[in-house]
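In: All I have is the shape, not the residue letters:
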């Protein structure tokens, strides 16, 4: 366990917790073998020591286990599907060509999407589920549709092979169509 700990905070937490565990081990298994009357007259000191170690462990958790406020390398990246004030560049595809891909791949059969004039009910209503989503989320939803499933829908309904079946340009066009449409 100590080998896996890497920061001083984790080592501090392990030391405090280890002290409490060692005290519990010795006071319950080792000392009573040599002194059967333990804790006997020293009950007050035993209870006091136990309470001190208990609260020290709780305090160590509060102090040492607190997450740092600064994001570590790679943690500050935007998650797919979220938007921020600094919006990334718009999708590089052609929305008109994306509309043709949407129709040709049968998306109109499953999804409601007003820009395509479709009213399918097998999949989620794209007019609502894509609001506020970014290009990375839409691309991921096409290429890996089971990664994030819309509420109320089951996995494996949408074809899983669009990432292989469609050319990168077609995916760019489809993403542009889905995001540019009202």
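Out: Everything's here; your move. Note that the structure is predicted; figures quoted are calculated from it, not measured. Numbers count the residues shown, from 1 in each chain.

In: can you pull out the helices in this structure?
Out: All helices of the chain, identified by DSSP state H, fall at 8-25, 31-34, 43-64, 95-104, 107-110, 126-129, 135-143, 162-165, 168-180.

In: contacts for the last one?
Out: The reference is to helix 168-180. 90-102, 105, 113, 115-116, 126, 130, 133-135, 138-139, 142-143, 162-163, 166 (CB atoms under 8 Å, 6 or more residues apart in numbering). C-beta: built from backbone N, CA, C; applies to glycine.

In: neighbours around residue 56, how many?
Out: Close neighbours of residue 56, defined as other CB atoms under 10 Å, add up to 14.

In: quick one: pLDDT of it?
Out: The confidence metric pLDDT takes the value 87 at residue 56.

In: hang on, the earlier thing: of all the helices of the chain, which one is nearest residue 152?
Out: helix 126-129 (10.3 Å; CB to CB).

In: Output the contacting helices and strands for the closest one.
Out: Judged by 3 or more CB pairs under 8 Å, 6 or more residues apart in numbering; DSSP states H and E, helix 126-129 is in contact with strand 112-113.

In: mind checking how far the closest residue in space to residue 61 that isn't next to it in sequence is from residue 92?
Out: Take residue 61 and drop its neighbours on the chain: the residue closest to it by CB to CB, 6 or more residues apart in numbering is residue 13, 6.7 Å away. Taking CB to CB, to the nearest Å as the measure, residue 13 falls 48 Å from residue 92.
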